[in-house]
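Student: Next one to model:
(chains A and B)
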Amino acid sequence: MSHLVLNGLSKSYGGVTAVQSLDLAVERGEFVSLLGPSGCGKTTTLQMIAGFVAVDRGNILLDGNDLVSVAPNKRGLGIVFQSYALFPHMTVAQNIAFGLEMRGIDKAERETRTLEAMALVGLKGFADRYPRRMSGGQQQRVALARALVIKPALLLLDEPLSNLDAKLREEMQSELRQIQRSIGTTTILVTHDQHEAMALSDRIVVMNHGRVEQVGAPDTVYGRPASAFVASFLGKTNVLRGTSDGHGKVSLGSLSLAMAGAASGPVQIAIRPERLAFAAVGAAGLDARVLSRVFQGTHWLLTAESAAGALTLMRHNDGHPVPAEGEAIRLSFAPADASLLREGAAG
Amino acid sequence: MRKNGPLALCFNLLFVIFMLAPLLIVCVVAFTPEGYLSLPTRGPSLRWFKAIFDYPEFVRAFRDSLWLAALSSTFAITLAVPAALAIARYRFRGREALTTLFMSPLMVPHVVLGIAFLRFFSQIGLSGTFLGLLLSHIIVVLPFALRLVLAASYGIDQRIEHAAISLGAGNATVFRRVTLPLILPGVVSGWLLAAINSFDEVTMTVFIASPATVTLPVRMFLYIQDNIDPLIAAVSACLIAMTAGLLIALDRIYGLDRLFVGSGKG
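Tutor: Predicted coordinates for the structure are as follows:
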């Protein structure tokens, strides 16, 4: 049985659905991200797991025990907030030791474990510092140590790195990943930052309008988006319109592809800009015309227009000539790189 | 930082003089050896300070005033803390009305309150009692306590409390270890402001006080109706010295900036 199981979890606020019948199974030691735009229900889901938001329907099973009826202070979960939420009137050591104190752990062990936790997050020697005298990154480490010191069954991270600047965020990401790997705590991260989710997670849960759009490993979700929303939310993508004959053949403008699984009629196909290539001379391909080209150092970003819709493609700056604006091009791609999108609202 | 121009400095100086001059003059007059209000031209004398102790009414009124201020502000702050927390974090029916009700003693003229309480207390048999005086003072100082606690309560990040809960703290522990320390500057300054207002209140108290329960300001008011001598200046000087001492001590221990301006985070 999975470590954490969410079963038909639902929540609405005064008739507005925040989370609709969410199902998810998380394995022990796994790092799972809930990714989506603001208002997609990811934070509400986290708050329901933490116990700060009452569950309307469904249950939350941790090792088979339902958490829904357990008071939030008895759940034994570690939480790190975006705003750090440190106790401003306590020193770093007092902040970290708070959870141990609540568990009635004696002073000697409290001190040992606090020091261990501080070493884990790289805060040795900061014990007597007050949070207001620390940088954002350091405060976030204190918050992490405070959550981990109680050896939580689950670590819940609510946009923990959003308040940090870009460089520090990258550093903290790899460190966070490393710490999580080393202690093996099952972790749920809530984020709207696709890069953060992809860099940190074993699996990503893409959410929109309170529903799960897709669950999968980062490269799967990125490479084979299940819906137009996922395709557009994660990275740049091209959504092409074509028609299926219902027998495994899809026509996109001048190009005809073998793609199983599409019912006959109009279909949408997603393909990443970096997977589009120029067709070899004389080969079949999708005819298009370059609208603009932008030089970005390591690559060129081209936009083009085709019978199947507007396109964005990337050309590596590898010395080959790049088509100019207005030039006609013919594009091809491996059918395996293209995903057939499920019907649904495009982001 | 931009410096003040000479005109602004002049204005500030005049303003400070205008604020402090009356206090200074009262203090100087208190040292006069004469039998009437005058500046001590023949050298300072402690004559009128000694005279205070010939009027035990003043000492007793002072003691009663202190008790009244301490008790009424303590009760007011005890009411203000839960009220402020509820108003600051919940949206419920009648929230605005409740806030206005708590703040209303500020809008009603104290003369009106005095007459109203006098009538009401005699109706319910509390006239002339210390309890009546205490109840009326709690009501009058409550807005000051509530205002400051409310300001502090609006400033708390509720996620800090959530963090404490997730770490295993129950409601009582969260309040004692996290919420109360976070709003403490508001609580202390609210208490202090309430105490000062209670100690200072004369307009309403003069209606309610009976010979058995006369506060110091009322006693002083009654005294200067019959006598104009430097005794009142001496009493005032004592009060000024005490207040200044108290504020300096508080500043040393706690920092007045933090008490009245800061949110405790700075």
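Student: Okay, strands next: where are they in the stretch 51-200 of chain A?
Tutor: For the stretch 51-200 of chain A, the strands defined by DSSP state E, counting those that start in this stretch cover A:57-62, A:65-66, A:78-80, A:154-158, A:186-191.
Student: Among those strands, show me which one is buried the most.
Tutor: Among those, strand A:78-80 has the highest mean neighbour count (mean count of other Cβ atoms under 10 Å in any protein chain shown), at a mean of 28. In this view, the C-beta of every residue, glycine as well, is placed from N, C-alpha and C.
Student: Report whether that one contacts chain B.
Tutor: Yes - Strand A:78-80 reaches chain B (Cβ under 8 Å from any Cβ of the partner chain) through A:78, A:79.
Student: So in that sheet, which strands flank that strand, and in what orientation?
Tutor: strand A:154-158 (parallel) (DSSP bridges).
Student: Please enumerate residues in contact with the partner strand?
Tutor: Strand A:154-158 has contacts (Cβ atoms under 8 Å, 6 or more residues apart in numbering or on different chains) with A:4, A:43, A:46, A:49-50, A:62, A:77-82, A:147-148, A:176, A:180, A:185-190.
Student: Using CSV, list the CA coordinates for that strand.
Tutor: The C-alpha atoms that make up strand A:154-158 are tabulated as CSV, following Å, rounded to 0.1, in the frame of the first residue of the first chain:
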residue,chain,number,x,y,z
LEU,A,154,5.4,13.8,5.6
LEU,A,155,7.1,17.0,4.6
LEU,A,156,4.8,19.6,3.1
LEU,A,157,6.4,22.4,1.2
ASP,A,158,4.2,25.4,0.3
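Student: Check the offset of it from the chain's centre.
Tutor: 14 Å (Cα atoms, centre = their mean, to the nearest Å).
Student: tilt between it and strand A:186-191?
Tutor: Relative orientation of strand A:154-158 versus strand A:186-191 (axes from the mean of the first three to the mean of the last three Cα atoms, to 10 degrees): 10 degrees.
Student: Determine the number of other residues adjacent to the residue nearest to residue A:6 when sequence neighbours are not counted.
Tutor: Spatial nearest neighbour of residue A:6, chain neighbours left out: residue A:24 (4.4 Å); criterion: Cβ to Cβ, 6 or more residues apart in numbering or on different chains. Residue A:24 has 19 neighbours, counted by other Cβ atoms under 10 Å in any protein chain shown.
Student: for residue B:179, same thing?
Tutor: Residue B:179 has 20 neighbours, counted by other Cβ under 10 Å.
Student: who in chain B is up against chain A?
Tutor: B:157, B:159-160, B:162-170, B:173, B:177-178, B:181-182, B:264-266.
Student: now with 10 Å?
Tutor: With the criterion set to Cβ under 10 Å from any Cβ of the partner chain, chain B comes near chain A through B:156-171, B:173-174, B:177-178, B:180-182, B:184, B:263-266.
Student: and the residues you listed, which of them are in helices?
Tutor: Secondary structure defined by DSSP state H assigns B:158-166, B:171, B:173-174, B:180-182, B:184 of those to helices.
Student: Now, of the residues you listed, which are buried?
Tutor: Among those, those scoring as buried are B:159-166, B:173-174, B:181-182, B:184 (criterion: 16 or more other Cβ atoms under 10 Å in any protein chain shown).
Student: Next, give me the two most distant ones among the residues you listed.
Tutor: Largest separation among those by Cβ to Cβ: B:166 and B:184, giving 22.9 Å.
Student: need the contact list for the nearest residue to residue A:74 once chain neighbours are set aside.
Tutor: Nearest residue to residue A:74 in three dimensions, chain neighbours excluded: residue B:168, at 7.5 Å (Cβ to Cβ, 6+ apart). Taking Cβ atoms under 10 Å, 6 or more residues apart in numbering or on different chains, we find residue B:168 in contact with A:72-76, A:98-104, A:150.
Student: Got a quick PyMOL command for the buried subset of those residues?
Tutor: Only the buried entries of the contacts of residue B:168 go into this PyMOL selection, using 16+ other Cβ under 10 Å:
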select buried, chain A and resi 72+73+75+76+98+99+100+101+102+150
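Student: export the contacts of residue B:168 to a markdown table and tack on pLDDT?
Tutor: As requested, these are arranged in a markdown table below (pLDDT from 0 to 100):
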| residue | pLDDT |
| --- | --- |
| A:72 | 94 |
| A:73 | 94 |
| A:74 | 94 |
| A:75 | 94 |
| A:76 | 93 |
| A:98 | 96 |
| A:99 | 96 |
| A:100 | 96 |
| A:101 | 95 |
| A:102 | 95 |
| A:103 | 95 |
| A:104 | 94 |
| A:150 | 94 |
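Student: Which members of the contacts of residue B:168 occur in helices, if any?
Tutor: Going by DSSP H, the helices hold A:98, A:99, A:100, A:101, A:102 from those.
Student: what number of residues lie near residue B:98?
Tutor: The number of residues packed near residue B:98 is 14, by other Cβ under 10 Å.
Student: okay but it is in contact with residue B:79, surely?
Tutor: No - judged on Cβ atoms under 10 Å, residue B:98 makes no contact with residue B:79 at a distance of 12.0 Å.
Student: residues shared between the contacts of these two?
Tutor: Shared contacts of residue B:98 and residue B:79 (Cβ under 10 Å, 6+ apart): none.
Student: ok, back up a step: so the residue nearest to residue A:6: helix, strand or coil?
Tutor: At residue A:24 the chain is in strand, as set by DSSP: H, G, I helix; E, B strand; the rest coil.
Student: Briefly note if stretch A:99-109 comes near chain B.
Tutor: Yes - with Cβ under 10 Å from any Cβ as the criterion, chain B is reached by stretch A:99-109 at A:99, A:100, A:101, A:102, A:103, A:104.
Student: So the first one versus residue B:178, what's the distance?
Tutor: The reference is to residue A:99. In this view, residue A:99 and residue B:178 are 13 Å apart by Cβ to Cβ, to the nearest Å.
Student: so what sits against both of these two?
Tutor: Overlap between the contact sets of residue A:99 and residue B:178, as judged by Cβ under 10 Å, 6+ apart, is given by B:163, B:164, B:169.
Student: Tell me who's in contact with residue B:9.
Tutor: Residues in contact with residue B:9 (Cβ under 10 Å, 6+ apart) are residue B:3.
Student: Surely it is in a strand?
Tutor: No - Residue B:9: not assigned to a strand; according to three-state DSSP it is helix.
Student: what's the spacing between it and chain A?
Tutor: 34 Å (Cβ to the nearest Cβ, to the nearest Å).
Student: Over to residue B:90?
Tutor: 15 Å.
Student: Repeat that for residue B:242.
Tutor: Between residue B:242 and chain A the distance is 30 Å, computed by Cβ to the nearest Cβ.
Student: ok, now how distant is that residue from residue A:64?
Tutor: Distance, residue B:242 to residue A:64, using Cβ to Cβ: 67 Å.
Student: swap in residue A:183?
Tutor: From residue A:183 to residue A:64 the distance is 22 Å (Cβ to Cβ).
Student: Ok, residue A:266 next?
Tutor: Per Cβ to Cβ, residue A:266 is found 46 Å from residue A:64.
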